[in-house]
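Undergrad: What follows is a predicted protein model with its sequence.
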Amino acid sequence: MIEIAVPNGTAEAWLSRPDAPGEHPGVLLFIDAIGLRPEIGRIADRIASWGYVVLAPNVFYASGTAEELAPSVDLTEAGARDAFFATVGPRMASMTTEKLVPDIAAYLSALRGLEGVAPGPFGVTGYCLGARLAVRAAGLHPDDVVAVGGFHGGNLVTDAEDSPHLGLAHARAAFVFGHADNDGSMPPEAVAALGAALTGAGLEFTNEIYPGSPHGYTMSDTSMYDRTGAERSFSELEQLFAAKL
């Protein structure tokens, strides 16, 4: 864990590095709504093992430290995950566009400034809420972000004027989306609308629903973990980063 500069002070971030010496491409990892915890570290370490320096900031830093916001119960137990999610509304509501624009710039700046990180371009991946941030990063920083993975993201397409999918018009990255099956926050019509936005922007992408994989399928510390979907997401992300970074 390290601390990085953000607009209102400092934020904790998990930093993972590959074993090989020298410079490596940088990857920004946007966490899910559960928060920055050992599971995120395991995912970051796995991505780093492919040859990248991975930075996963506590995007909820304004609401508390990673330790303060972490679940105090085993989320693999029946009902525990749902009970925990009933408490995360305020932190998720704090992720407004007004706040995210300067924060995302700060996260990319911190990644760029790390020792051993190649000048760019960068990869970004996001999970759950983090998929929305990953999409925004690509639209806000098209010169820096060339590869984006978004997995079991929710509300990527909304009726709001600042819906994440609208920012794709400014992006130049290649995208891999792995949507959860039967996800009320990203139903088939929203997946189709996302695909239309990607196509309209002339972007390279895959945009698929993973059959049988529920929302949160990548997170092995919760009851929603689905190994098939998780392994598919890692395989597709590794291929994307290898091709673009």
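TA: Done, it's in. Residues are numbered from 1 along each chain as shown.
Undergrad: residues in contact with the lowest-mean-pLDDT helix or strand in the chain?
TA: Ranking every helix and strand in the chain by mean pLDDT, DSSP states H and E puts helix 89-93 at the bottom, with a mean of 89. Applying C-beta atoms under 8 Å, 6 or more residues apart in numbering, the contact partners of helix 89-93 are 33, 60, 63, 69, 129. All C-beta atoms are positioned from the backbone trio N, CA, C, and that covers glycine.
Undergrad: List the buried residues for that helix?
TA: Arg91 (16 or more other C-beta atoms under 10 Å).
Undergrad: what's downstream of that helix, the next helix or strand?
TA: With elements assigned by DSSP states H and E, the helix or strand that comes after helix 89-93 is helix 97-112.
Undergrad: helices and strands around that next one, which ones?
TA: strand 2-6, strand 26-30, strand 53-57, strand 122-127, helix 129-140 (3 or more C-beta pairs under 8 Å, 6 or more residues apart in numbering; DSSP states H and E).
Undergrad: Need the CA coordinates for the least confident helix or strand of the chain. CSV is fine.
TA: Taking Å, rounded to 0.1, in the frame of the first residue of the first chain, the C-alpha atoms of helix 89-93 are listed here in CSV:
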residue,chain,number,x,y,z
GLY,A,89,-25.1,3.9,-0.8
PRO,A,90,-23.4,7.1,0.5
ARG,A,91,-20.0,6.2,-0.9
MET,A,92,-21.4,5.3,-4.3
ALA,A,93,-23.5,8.5,-4.4
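Undergrad: Off-centre distance for that helix?
TA: Mean C-alpha position of helix 89-93 versus that of the full chain (C-alpha atoms, centre = their mean, to the nearest Å) differs by 17 Å.
Undergrad: Tell me which stretches of this protein form strands.
TA: Assigned by DSSP state E, the strands in the chain fall at 2-6, 9-16, 26-30, 53-57, 122-127, 145-151, 174-179, 205-209.
Undergrad: Would you reformat the ones you listed as a markdown table and include distance to Ser223?
TA: A markdown table is the format used below for the strands of the chain (distance: least, C-beta to C-beta, whole Å):
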| stretch | distance to Ser223 |
| --- | --- |
| strand 2-6 | 31 |
| strand 9-16 | 23 |
| strand 26-30 | 22 |
| strand 53-57 | 22 |
| strand 122-127 | 16 |
| strand 145-151 | 17 |
| strand 174-179 | 19 |
| strand 205-209 | 20 |
